[in-house]
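**Q** Let's see this in three dimensions:
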Amino acid sequence: MAQPSVNILIPCYNSEMYIKECLESVLAQTWPSLEIIAFDDASTDNTWGILQTYSSRVRSFRSSVNIGVSRARNFLLQRSGGEYIHFQDADDLMHPCFIELMLPWLLTGDYEVVLCNVGYFFGNNPKNLKGGWFLRPKFTDEDWLTYVIESAGSSINSIYKREAILRIGGFREDIECAEDYDLHLRLAEAGIRFAVVEQTLALARQKDKHFYRRNDLLVAAHEVLVDFYNRLNSSGRILSDRLRAKLAGDFWLKGRKLTEIGKHNIANEAFRYSQKICRDYKFPGSLIYRILLKILGVTITERVRYLFHRLKIYLHVFCVKWGSIFSGWCGRF
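**A** The predicted structure is shown next:
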């Protein structure tokens with residue numbers, strides 16, 4: 001019996017530093033039936049030249065104008081012919097068994113998307129993993145919509161049935177950040193079934209140690225969640241208590257992160273959504289935090305909490321640094 005083909009779709013933009021390593025990790029897959037399609041989104045470096053050296057194994061397209069990652073992915077999706085799809089970022093890597101270990105879940109016919117854990121590495125050493133994003137198991141009675149709000153993830157750690165993505169219209173082309181988050185929320189909203197493989201099979205290169213505090217990413221993720229909630233609300237869908245609590249908690253967490261980067265107006269909007277969605281949600285924090293919340297309101301309380309959080313870090317660094325110096329002085333006597 002012939003093994004089904006998987007299309008690996010790779011949008012690229014000024015990726016000459018990483019694209020070769022990315023392609024080698026794709027070509028090293030233990031799954032034998034692959035079609036690799038790349039799209040050079042008007043790069044100004046040598047990305048296209050490197051893609052041409054792989055022309056016998058990689059089908060490549062090139063744009064004369066930059067169209068952005070969402071439109072590039074949709075372009076690749078339309079030119080793919082396989083039943084199963086994986087979107088690979090040009091600067092990230094795949095474990096050699098990525099497809100072999102994940103695809104069987106889709107072949108059962110019970111699922112349409114499968115996710116795995118992601119390991120983070122900095123620089124050029126993928127063996128030197130520094131943490132990652134690890135999916136928790138889904139509770140037995142938990143619906144996928146509730147689970148995906150917390151674990152929506154990224155396209156780099158997913159394999160999809162092509163028909164499922166086409167069913168919801170592909171990636172939204174009016175957003176250029178958090179588009180993966182939006183895609184997975186819309187998939188779950190449409191009743192698409194997810195599977196979870198609790199292994200680290202996707203490797204994400206972190207070029208900036210503060211990547212997950214990027215202003216544009218946090219703001220876009222908040223806007224995606226607002227759109228998602230408004231769609232649910234306008235549809236008349238009855239939200240379970242668990243789903244409401246999950247939404248409230250996610251808005252609250254986004255509000256905290258936005259407070260940390262100084263986006264106070266957007267943070268306040270996130271807090272308001274959180275309180276609106278679930279009035280009896282048990283907001284995180286100590287008794288003192290909850291008392292301050294009642295007295296000062298969420299905006300001031302969260303700013304005070306963040307200042308104390310930063311102070312605690314500085315004190316810890318100070319004690320570690322000067323404590324070791326003091327110990328060294330004592331050792332001389």
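**Q** Could you pull up the contacting residues of residue 99?
**A** By CB atoms under 8 Å, 6 or more residues apart in numbering, the contact set of residue 99 is 6, 29-31, 34, 86, 159. C-betas here are computed from N, CA, C, even on glycine.
**Q** Can you give me the distance of residue 145 to residue 188?
**A** 5 Å (CB to CB, to the nearest Å).
**Q** Buried among the contacts of residue 99? Make that a ChimeraX selection.
**A** Here is the ChimeraX command that selects the buried residues among those (16 or more other CB atoms under 10 Å):
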select :6,29,31,34,86,159
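**Q** and the contacts of residue 99 as a markdown table, adding pLDDT?
**A** Putting the contacts of residue 99 into a markdown table (pLDDT from 0 to 100) gives the following:
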| residue | pLDDT |
| --- | --- |
| 6 | 96 |
| 29 | 97 |
| 30 | 96 |
| 31 | 95 |
| 34 | 94 |
| 86 | 97 |
| 159 | 97 |
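**Q** Save the contacts of residue 99 as JSON lines, and put in secondary structure too.
**A** Shown next, in JSON lines, are these (DSSP: H, G, I helix; E, B strand; the rest coil):
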{"residue": "6", "secondary structure": "strand"}
{"residue": "29", "secondary structure": "coil"}
{"residue": "30", "secondary structure": "coil"}
{"residue": "31", "secondary structure": "coil"}
{"residue": "34", "secondary structure": "strand"}
{"residue": "86", "secondary structure": "strand"}
{"residue": "159", "secondary structure": "strand"}
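**Q** quick check, nearest of the contacts of residue 99 to residue 65?
**A** residue 86 (26.1 Å; CB to CB).
**Q** dump the residue contacts of the closest one.
**A** By CB under 8 Å, 6+ apart, residue 86 lies in contact with 6-9, 98-99, 155, 158-160.
**Q** What about those, which are in strands?
**A** 6-9, 158-160 (DSSP state E).
**Q** Could you identify the pair within those residues that is furthest apart?
**A** 7 and 158 (13.1 Å).
**Q** Packing partners of the host helix or strand of residue 164?
**A** Assessed by DSSP states H and E, residue 164 sits inside helix 162-167. Contacts defined by 3 or more CB pairs under 8 Å, 6 or more residues apart in numbering; DSSP states H and E place helix 162-167 against helix 69-79, strand 84-87, helix 179-189.
**Q** mind showing which ranges of this structure have poor pLDDT?
**A** Where the chain drops to pLDDT under 70, the residues are 1-2, 140, 152-153, 208-214, 279-286, 289-290, 309-310, 313-314, 316-318, 320-333.
**Q** tell me the domain ranges of it?
**A** 6-207, 215-315 (automatic domain parsing).
**Q** looking at the ones you listed, which is buried most?
**A** The highest average neighbour count among these, using mean count of other CB atoms under 10 Å, belongs to domain 6-207 at a mean of 18.
**Q** Show the end-to-end separation of it, please.
**A** Counting by CA to CA, to the nearest Å, you get 28 Å between the two ends of domain 6-207.
**Q** Return the distance of that domain from the chain's centre.
**A** With CA atoms, centre = their mean, to the nearest Å as the basis, domain 6-207 stands 11 Å off its chain's centre.
**Q** Same question for stretch 297-314.
**A** Relative to its chain's centre, stretch 297-314 lies at 26 Å (CA atoms, centre = their mean).
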